[in-house]
Structures are given as C-alpha cells and as structure tokens.
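1. next comes the sequence, and after it the predicted model I'd like to discuss.
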Amino acid sequence: MRGFALLLALGCGLAQAQSSPEALALLGRIHQATQRLSYTGTFIYQQGSRTEVSRIARVVDASGSIEKLEVLDGVPREVVRTREGVRCYLPASQTVKVERAASAQRDFPAILPDRLNELPKHYVATRGENARVAGFDCVSVTLAPRDDLRYGYVLWADASTGMLLRARTINEKGETIEQFTFTQLQIGPVARDKVRPKHAARNWRIEDAAAAPADLSEAGWTVNADLPGFHKIDEVRRKLRESQQFVGQVVYSDGLAAVSIFIEPLAERRETMRTGMSNLGAFNIYTREVANHLVTVVGETPAASVRRIADRVEFKRPQ
C-alpha cells in the first residue's frame with residue numbers, strides 16, 4: 001500500500017509512466033477468468049464502515065452463464081442474473097424487481113473492460129505483492145490513475161486460474177474506500193440447482209425497471225461526460241421507484257469506473273431532494289436543478305469529476 005501511495009504521489013510523472021507488460025498480461029488473465037469460470041463462494045463487500053456478506057454461485061456452459069447472489073446480512077434478498085437480465089427477489093415484501101439486459105451489464109466480478117488496450121491511456125498498471133486470499137496463492141496488479149479524475153485499484157487474482165479474489169478501490173490519499181474479498185471459494189463445475197432462485201415468487205408483485213433506448217437530445221438535453229477516456233455506453237428512459245414517471249439516464253465509463261446521469265421532472269417528485277454533493281463509500285453523488293428538472297450524477301469517481309459532469313448538463317427547449 002505504501003508503494004501505491006508513492007505511485008499516486010508522483011503526480012505528473014504518471015503521464016509518461018509505462019505500464020508493465022507483465023501487469024497487462026495479468027489483467028488479461030483476470031478478464032478471461034471472469035468470462036469462463038464456474039464457481040461457488042462467499043465474499044465480504046466493504047463500503048466505508050458498512051460491510052455485507054454474500055454467497056454467490058455461477059454456472060458457465062454452452063448456453064451461456066447464470067449467476068445467483070444471495071445477501072446473508074440484513075434484509076433478505078437474492079439476485080439472479082442471466083443473459084436476459086437481472087431479477088432481484090425480496091421475500092420480506094414479496095416483490096421481484098426486474099432489470100432487462102443492458103449494454104453496461106457485466107457478470108460479477110468482471111470489473112475489467114473488454115478492450116483492455118485502452119486502460120494504459122488512463123491508468124499505469126504494475127505488478128504488486130503476492131498474497132494468500134481464501135486459501136489461494138494470489139498475484140496482484142495495481143492500477144494507478146494518470147489524473148485526478150478517477151480512483152486507483154489493486155486487484156488480487158488466483159495465480160493458477162486468474163480468478164479475481166480481492167479488489168480494492170483507492171482514493172487520492174491511498175485510502176481504501178471500497179473492497180470485496182472472497183473468504184471461501186470453490187472453482188469448478190456447479191450444479192444448476194445452485195443458481196435457481198429459492199423462491200417460487202408466485203403472486204409476488206413485479207416491479208419492472210422498464211428501460212428503453214432513448215435520445216435525450218431530442219427533448220433538448222445536452223449531456224457530455226467531458227472526462228478523458230469516458231465514453232457513453234448506454235442512454236435510456238427508465239422508471240424509478242414505484243412512480244409511473246420515466247426519467248432519462250445516460251451512462252459513461254472508462255472501462256473501470258462508471259458514471260450515471262439521471263434527469264427527472266421535478267413536478268412528478270413527491271419527496272424533496274437536497275441539492276449539492278453527498279457520498280456513499282466510493283460513490284459520489286451531485287444533484288442540481290436544471291429547467292425544472294432534477295439532475296443527479298452518481299459516479300465511482302472523485303467528487304470533482306461528478307460535479308464537473310453535472311455542471312455541464314444543459315437544457316434548451318427544442319424549436
């Protein structure tokens with residue numbers, strides 16, 4: 001960790017620093033492993049002072065992949081992800097939340113982009129120290145940002161298979177602001193019943209996110225991430241909460257970090273919303289009013305990046 005903090009402190013020197021070929025090759029192995037491996041395991045997710053324990057099972061075969069995640073702490077919930085989309089089962093309220101398949105969707109823990117060759121433009125990748133995680137001998141790679149618009153990452157992967165077992169998100173002070181760590185993992189064939197939902201969910205209430213492709217510019221909105229390396233990966237209209245009101249959403253990503261811009265008519269909101277900056281672990285949230293709409297930017301990026309995006313959202317009534 002001291003080495004990572006030193007790398008961040010180099011400042012403008014990172015602009016010329018070169019990524020290690022060995023580190024880039026390891027990133028490739030991690031990416032491939034998250035695409036092709038079947039496994040079951042238990043992991044701990046930490047965000048600030050909050051921790052959550054989950055059990056996960058994933059099956060990969062000729063028909064595709066199916067993944068089931070069961071949260072073991074707090075309110076019971078179960079998430080099943082297939083190529084058709086995501087279904088979240090909430091037994092306490094007998095509700096199923098449905099999210100259709102989207103271009104931004106990735107299987108856990110696939111945090112790396114398909115186009116790995118673009119990462120060195122914005123991150124310096126170097127090999128880190130070896131470690132033991134959940135009984136596996138792991139190798140690690142550090143991704144230090146070349147600017148102050150994104151966070152850094154440290155990834156630990158099984159030396160044999162490339163399976164990602166631990167990932168940390170690091171801020172500009174070298175502090176861990178988000179982390180997941182497997183505490184138990186079994187890699188290999190998984191029975192299909194392991195990824196089936198526990199609940200029949202007959203007569204449960206269905207909440208459909210009902211997202212549909214959109215072009216918000218047609219309604220007069222100008223949305224631009226204006227962050228080097230961030231590209232638009234999705235633009236939709238979706239239904240939030242139980243309201244019938246649809247809001248616009250635009251998603252940008254640099255392959256590791258993602259930022260969502262939500263545009264919601266104020267007239268349809270029942271509750272008031274505080275404007276300004278707030279944060280939750282690695283997520284920064286900035287809200288402002290524009291043309292009687294609420295613009296909310298949520299990003300896995302530093303606060304300055306989130307605010308920079310929000311301040312550039314503009315509205316001009318179509319002619």
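-> That came through, no problem. Numbering: from 1, shown residues only.
2. settle this for me: D215 is touching E235, isn't it.
-> Yes: applying C-beta atoms under 8 Å, one finds D215 in contact with E235, separated by 6.8 Å. Every residue, glycine included, has its C-beta placed from N, CA and C.
3. neighbour-wise, which of these two wins?
-> E235 (18 against 10; other C-beta atoms under 10 Å).
4. distance of that one from W221?
-> Separation of E235 from W221 (C-beta to C-beta, to the nearest Å): 10 Å.
5. overlap of the contact sets of those two?
-> Taking C-beta atoms under 8 Å, 6 or more residues apart in numbering as the criterion, E235 and W221 both touch G248.
6. can you pull out the strands in the stretch 51-200 of the chain?
-> For the stretch 51-200 of the chain, strands defined by DSSP state E, counting those that start in this stretch occupy the ranges 64-71, 77-82, 85-90, 95-100, 123-127, 131-133, 136-145, 152-158, 164-170, 176-187.
7. direction included, what does the third one pair against?
-> The strands that strand 85-90 pairs with in its sheet are strand 77-82 (antiparallel), strand 95-100 (antiparallel) (by DSSP bridges).
8. beta partners for T287?
-> G276, T296.
9. can you check Y89 too?
-> As assigned using DSSP bridges, the partners bridged with Y89 are E78, V96.
10. how about the contacts made by it?
-> Y89 sits next to 77-80, 95-96, 197-199, 201, 204 when contact means C-beta under 8 Å, 6+ apart.
11. make it 6 Å
-> Contacts here follow C-beta atoms under 6 Å, 6 or more residues apart in numbering; on that basis Y89 touches 78, 96, 197, 199.
12. mind giving me the ChimeraX select for the residues you listed, buried ones only?
-> To isolate the buried members of those in ChimeraX, using 16 or more other C-beta atoms under 10 Å:
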select :78,96
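13. hmm, which of the contacts of Y89 is lowest in pLDDT?
-> Confidence by pLDDT is poorest for H199 among the contacts of Y89, given 89.
14. got a list of what it touches?
-> Contacts for H199 (C-beta under 6 Å, 6+ apart) come out as 89, 91.
15. now it: phi and psi?
-> Main-chain dihedrals, H199, degrees, to the nearest 10: phi -100, psi 130.
16. what is the mean pLDDT for stretch 218-232?
-> Mean pLDDT, computed over stretch 218-232, is 89.
17. so how far is I309 from the residue most central in space within the chain?
-> Ranked by distance to the mean C-alpha position of the chain (C-alpha atoms, centre = their mean), the top residue is A258 at 6.4 Å. Between A258 and I309 the distance is 12 Å, computed by C-beta to C-beta.
18. equivalent analysis for P76, please.
-> From P76 to I309 the distance is 35 Å (C-beta to C-beta).
19. among the strands of the stretch 51-200 of the chain, which comes closest to L116?
-> With C-beta to C-beta as the measure, strand 123-127 is the member of those nearest L116 (9.3 Å).
20. the closest one pairs with which strands, parallel or anti?
-> If you go by DSSP bridges, strand 123-127 pairs up with strand 136-145 (antiparallel).
21. the strand it pairs with vs strand 164-170, what angle?
-> 30 degrees (axes from the mean of the first three to the mean of the last three C-alpha atoms, to 10 degrees).
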